[in-house]
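> Here is my input, please return the structure:
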Amino acid sequence: MKLYLATSNPGKIREFTGIDVEMMPGLKALPLAPETGDTFEANAIEKALYYGAHVDGWLIAEDSGLEIDVLGGAPGVHSARWAGDDEANNQKLVREMAGQPLRTARYVCVIALVHGTTVLGTFRGTVEGEILDAPRGEGGFGYDPYFLYPPFGQTFAEIPKERKSEVSHRGAAIRLLSAWLRENASRPDTR
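Okay, the predicted model is just below:
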């Protein structure tokens, strides 16, 4: 069984560890998948079905982002394109959070698994944290320098990659996917 991953984000690619996955062939030649859903699940499924139609095998696509409580869950499904790029997104984050006493937030990741036009499952992972006023750390990507993981007292940009995958939203979703694959990959009705 081949399992393809539909993403061109190098930060996300590095976090898919522990699963035998190949980059989707021909991904860059295709127009970007639409993301019209208002939930992470809807967008992950939409992307997986779109890209899954272009491969012979199983495909995973994911949607993820940051939900900030005091901002009503924003940026949510718009996390990657909230203000443009990572730098602009983080500048907007700092502006929106200025003077806010409530700093709680969570990262969310939903992975959708498809075979052609059949959705085989979705896998959701979350991690709770707090938003800082100033960035810390050089690792990670996106909002990671501002996302404090209280149990470690570090931002996701400070936590080493291996340790981050043990607690991150994407790591949690990947573990759920991996468990499903171990239990279901050989079943004839999933092919």
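> Leaving out chain neighbours, which residue sits closest to Val127?
Nearest residue to Val127, sequence neighbours excluded (Cβ to Cβ, 6 or more residues apart in numbering): His169, at 4.6 Å. Just so you know, the C-beta spots here come from the backbone N, C-alpha and C atoms, and that holds for glycine as well.
> now do Ile19
Distance criterion Cβ to Cβ, 6+ apart; nearest residue to Ile19, sequence neighbours excluded, is Ser178 at 5.5 Å.
> Can you pull out the residues in contact with the helix or strand in which that neighbour is found?
In the assignment (DSSP states H and E), Ser178 maps to helix 169-184. Here helix 169-184 makes contact (Cβ atoms under 8 Å, 6 or more residues apart in numbering) with 3, 12, 15-19, 60, 62, 64, 106-111, 113, 120-121, 123-127, 164-165, 190.
> pLDDT of that helix, averaged?
Taken as a whole, helix 169-184 has a mean pLDDT of 94.
> The contacts of helix 169-184, buried ones only, as a PyMOL selection?
In PyMOL, a selection of the buried entries from the contacts of helix 169-184 looks like this (16 or more other Cβ atoms under 10 Å):
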select buried, resi 3+12+15+16+60+62+64+106+107+108+109+110+111+113+120+123+124+125+126+127+164+165+190
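> so of the contacts of helix 169-184, which ones are in strands?
Mapping the contacts of helix 169-184 onto strands (DSSP state E) picks out 3, 60, 62, 64, 106-111, 113, 120-121, 123-127.
> ok now do the closest residue to Glu62 other than its chain neighbours, which residues does it touch?
Computed as Cβ to Cβ, 6+ apart, the closest residue to Glu62 that is not its neighbour in sequence is Ile111, at 4.5 Å. Contact analysis of Ile111 by Cβ under 8 Å, 6+ apart lists 44, 60-62, 122-123, 173-174, 176-177.
> I figured Met23 hits Leu5, correct?
Yes - with contact defined as Cβ atoms under 8 Å, Met23 reaches Leu5; the gap is 6.0 Å.
> who's more crowded, these two?
Neighbours per residue (other Cβ atoms under 10 Å) separate Met23 from Leu5, with Leu5 holding more: 20 against 14.
> so what's that one closest to, chain neighbours aside?
Val21 (4.7 Å).
> who's in contact with that neighbour?
So Val21 contacts 3-5, 60 (Cβ under 8 Å, 6+ apart).
> Give me the pLDDT for it.
On pLDDT, Val21 comes in at 85.
> mind listing what the most centrally placed residue in the chain touches?
For the chain, the residue nearest the mean C-alpha position is Ser64 (3.4 Å; Cα atoms, centre = their mean). By Cβ under 8 Å, 6+ apart, the contact set of Ser64 is 12, 40, 79, 107-110, 169-170.
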